[in-house]
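[1] Based on what follows, work out the 3D shape:
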Amino acid sequence: MNHPGKRILVVDDEKIVRETILAILSSIGFEATAVPGGAEALAVLEKGEIPDLMMLDLTMPGLNGADVFKRLRNKGMIFPVLVVSGYSKEKLSSLFPDRGPNGFLQKPFSPDSLKRKLNETFNSN
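    Modelled structure (predicted):
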């Protein structure tokens, strides 16, 4: 894992999920921030706080993950996005018919599978 200091923005409406992901990320050397929804994520980005990667839940009240992703790309923001969801990968492809997110991690996941997926996502970009 050669990505110390990389900034990750975690977007998930479930507090326990956000806290767990933040704990894992900080334990492996990432700088991580978490917000509870899509509108909050867009507000962070509007302030110019652009992460090296966004971990994005799909099912959230208000702006869902697919809407957030489309808005990011429409604004020309092209940092990697890792979708983290209880959905299957097949369902994901129907939500993103064009070029979709950079990676997908199905919930629930282990700390090791999160580390592997982050490594894959950073190394492929």
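[2] Span of stretch 9-17 from start to end?
    Chord length of stretch 9-17, first to last residue, is 13 Å (Cα to Cα, to the nearest Å).
[3] no wait, stretch 43-53
    Note: stretch 43-53 ends 16 Å apart using Cα to Cα.
[4] Now do the strands in the chain.
    7-11, 31-35, 53-57, 81-85, 103-106 (DSSP state E).
[5] Give me the buried positions along the second one.
    Neighbour-count burial for strand 31-35, with 16 or more other Cβ atoms under 10 Å as criterion, is recorded at 32, 33, 34, 35. For the C-beta atoms, the positions are set from N, CA and C on the backbone; glycine is no exception.
[6] gap between that strand and the chain center?
    Using Cα atoms, centre = their mean, to the nearest Å, the mean C-alpha position of strand 31-35 is found 10 Å from that of the whole chain.
[7] Let me know the average pLDDT across that strand.
    In this model, strand 31-35 has a mean pLDDT of 96.
[8] And for the third one?
    Regarding strand 53-57, the rounded mean pLDDT is 96.
[9] Over to the fourth one?
    Strand 81-85 shows a mean pLDDT of 93 in the predicted model.
[10] which stretches of the chain form helices?
    15-27, 38-46, 65-74, 89-95, 111-123 (DSSP state H).
[11] in the shortest one, what counts as buried?
    Read it as helix 89-95. The neighbour-count check on helix 89-95 (16+ other Cβ under 10 Å) flags 92, 95 as buried.
[12] what helices or strands is that helix leaning on?
    Helices and strands touching helix 89-95, by 3 or more Cβ pairs under 8 Å, 6 or more residues apart in numbering; DSSP states H and E, are strand 103-106.
[13] Who does the strand it packs on pair with, and is each partner parallel or antiparallel?
    Partners of strand 103-106 in the sheet, by DSSP bridges, are strand 81-85 (parallel).
[14] The most centrally placed residue in the chain and residue 84, how far apart?
    The chain has residue 55 as the residue nearest its centroid, 1.1 Å off, counting by Cα atoms, centre = their mean. Going from residue 55 to residue 84 by Cβ to Cβ, to the nearest Å gives 5 Å.
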